Structures are given as C-alpha cells and as structure tokens.
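J.: pasting the structure only:
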C-alpha cells in the first residue's frame, strides 16, 4: 500500500528511544542493487539487497533511477521482509525517485522482531518492477538521495543493548552496484507465436489502465482509443515495436491532455495484417 513513508517513520520514532548515528565496528554493511531480470521484452525487475551484521529494526531506502524507464511497483513477496509489519513505498515518477520504508514490528509484539544477518544467504528485501520505455538503453543507473523535509537518507536502524536497555542506532551502508545492465532482455524470453490483444487491466478503471499486446515479430504498431461514436480519442502507440509481450498505459486523457468523461471506450490495434478491438469502461 502506497502511504507516506514520512508518517511511518514518525510512528517509528514514537516507539523507540533517541536515535544516534553509530560508528559501525563490525563487518561491512552494504546496500546492493542486483541484476535485471526480464519477464518480457519491455518488463523487468531489479532486486534490492542488504548485507549487515546487526539485527536491523528499520530501513529507510530513498532511491533514484535514470530516464528511459518507468517504475511501476515495488514488491516484497518472497523476500526476507515479507512478514514485516510495515512495507511501504512512494513513487515520484516525475522526478524518477522512490522512497521505501521497512519496519519489522509496529502493530503487535513479536519474537525476534528484527532482520537477522544472513551474509551467505539471499539478502533480497524488495523488487523494483520497471517498464523499459527506451529500447536503445543498454543500462540504467540506480542511486540514492538525501532529503530534509521530510528527512530521508539511506539508513539501517538497529538496537544496541547496554545493561539490558536498547539504544537505537543508525548507520549509513555502503552503496554497491548502481549500474544495471539491460543485456538479458530478449534472448531469455520466449516470443509469442501469434499476434494478440489482451483485455485492459484494470477494467473498469480510474484513473488509468494498461493494455497488453503480443507481437511474434518486430512490427509497426498503431494502438488507439476511440469513443462509442467511433471518434478518435488518443493514440497510445504509433511506431516500430520489437517482438514480445508489450504494454501501454492510458491515463484517461484525450490527445490534448484533457481528462475524458466516464463511459465506454474502445481500443484498437493494428500490427501488420493483424487488427483487433476491445471494449473498456472508465468510471469516476
């Protein structure tokens, strides 16, 4: 659920003692960007991973990423933080930034409410889900940033126990692997055997929906939206598209950028000799 990271970390500050920046005397603490894994010719995921020797009680992860891609989602299923009470993120698409907040225990007491070190195991704590918009890209850059209002920095938070009393500390891990190669895209993905146009998701929708289509070969594609009178509303794709499972988002606006009225709309694809049309419903 996309909620304010700042609000969650304000809540965290209410349930822990004074936060102090600690000089880590243990092993190296790392925040690592993993390798891209393509699920289609345009969709790929990038894991984010941690290496640490403390029992982590929270993580603040503000990241930025280069142009030419769209960050659609951040997921935590199957990662080491899947059972955390708080797993939130906020995507700022305009500035190509995302802030992720992770806290093991907020809602109720837990045994071993922290992320234990696992230096020789899978250290993935989240997966970034991207769409590749610029097919010419060979790599993207992922980095981290610092803000003051609200305050965010790449931080690990842990408890240092002194005479049985927890003292909350924070440390800044080393950042590793900011350049993500995109050379694994098409060869590992099985191409469709025929053209196809899928039903938009979600449907009904408000304010946006995504249309997915299959191309067995590189094709000149025209994908457009029409109203019930057959009048052109907006062109979503008009150009050369590589073979694979591709998708395009409609934000509910017309060609001039104005939001359209609620109602039934049609989207039509033309790719080579293939054409198809499907219906969708916009609700406000």
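T.: Received the coordinates, thanks. These numbers come from a predicted model, not from an experiment. Residues are numbered from 1 along each chain as shown.

J.: separation between residue 159 and residue 72?
T.: 35 Å (CB to CB, to the nearest Å). All C-beta spots, glycine's among them, are computed from the backbone N, C-alpha and C.

J.: In the chain, mark out all the helices, start to finish.
T.: Assigned by DSSP state H, the helices in the chain fall at 5-14.

J.: how about the closest residue in space to residue 31 that isn't next to it in sequence, what does it touch?
T.: In space, and not counting its chain neighbours, residue 31 is closest to residue 173: 4.4 Å by CB to CB, 6 or more residues apart in numbering. By CB atoms under 8 Å, 6 or more residues apart in numbering, residue 173 lies in contact with 29, 30, 31, 50, 51, 52, 154, 156.

J.: Which member of those is positioned nearest residue 207?
T.: Residue 207 lies nearest to residue 154 out of those, by CB to CB, at 32.0 Å.

J.: excluding its backbone neighbours, what's nearest the closest one?
T.: Using CB to CB, 6+ apart and skipping the chain neighbours, the partner closest in space to residue 154 is residue 144 (4.4 Å).

J.: re the thing from before, for the residue nearest to residue 31, what are phi and psi?
T.: When quoted as degrees, to the nearest 10, the phi and psi of residue 173 stand at phi -70, psi 160.

J.: re earlier: would CSV of the contacts of residue 173 with pLDDT, distance to residue 66 and neighbour count be doable?
T.: Output for those, formatted as CSV (pLDDT from 0 to 100; distance: CB to CB, whole Å; neighbours: other CB atoms under 10 Å):
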residue, pLDDT, distance to residue 66, neighbour count
29, 87, 25, 19
30, 91, 21, 17
31, 94, 18, 24
50, 93, 22, 23
51, 88, 24, 18
52, 87, 27, 24
154, 94, 18, 19
156, 93, 25, 25
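
J.: Now for those residues: which two are most distant?
T.: Spatial extent of the contacts of residue 173 (CB to CB) is set by the pair 51 and 154 at 13.4 Å.

J.: Okay, buried residues for stretch 92-107 please.
T.: Within stretch 92-107, the residues that qualify as buried by neighbour count (16 or more other CB atoms under 10 Å) are 96, 97, 98, 99, 100, 101, 102, 103, 104, 105.

J.: what does stretch 224-240 give?
T.: Neighbour-count burial for stretch 224-240 flags 224, 225, 233, 234, 236, 237 (criterion: 16+ other CB under 10 Å).

J.: now swap in stretch 125-140 and tell me
T.: Under the neighbour-count criterion of 16+ other CB under 10 Å, stretch 125-140 has 125, 126, 127, 128, 130, 131, 132, 140 buried.

J.: Which pLDDT value goes with the closest residue to the second one other than its chain neighbours?
T.: Which is residue 126. Leaving aside its sequence neighbours, residue 126 sits nearest to residue 48 (CB to CB, 6+ apart; 4.8 Å). Among the per-residue scores, residue 48 shows a pLDDT of 96.

J.: can you check the one 5 residues further on too?
T.: According to the prediction, residue 53 has pLDDT 85.

J.: ok, it to residue 198 distance?
T.: For residue 53, the distance to residue 198 (CB to CB) stands at 47 Å.

J.: now residue 105
T.: Per CB to CB, residue 105 is found 41 Å from residue 198.

J.: same thing with residue 159?
T.: Residue 159 sits 49 Å away from residue 198, going by CB to CB.

J.: repeat for residue 174
T.: With the distance defined as CB to CB, residue 174 ends up 43 Å from residue 198.

J.: isn't residue 208 right up against residue 249?
T.: Yes: Residue 208 lies in contact with residue 249 (CB atoms under 8 Å); the separation is 5.7 Å.

J.: Let me see the contact set for residue 182.
T.: Residue 182 makes contact with 36, 44, 132, 137, 138, 139, 140, according to CB under 8 Å, 6+ apart.

J.: Just the pLDDT for it.
T.: pLDDT, residue 182: 91.

J.: for it, phi and psi?
T.: With angles defined as degrees, to the nearest 10, residue 182 sits at phi -110, psi 30.

J.: didn't residue 213 look like it was pressed against residue 200?
T.: No: Residue 213 is beyond contact range of residue 200, at 10.5 Å (criterion: CB under 8 Å).

J.: show me where pLDDT drops low in this structure?
T.: Within the chain, the set of residues satisfying pLDDT under 70 comprises 1-27, 108-109, 112, 119-121, 185-190.
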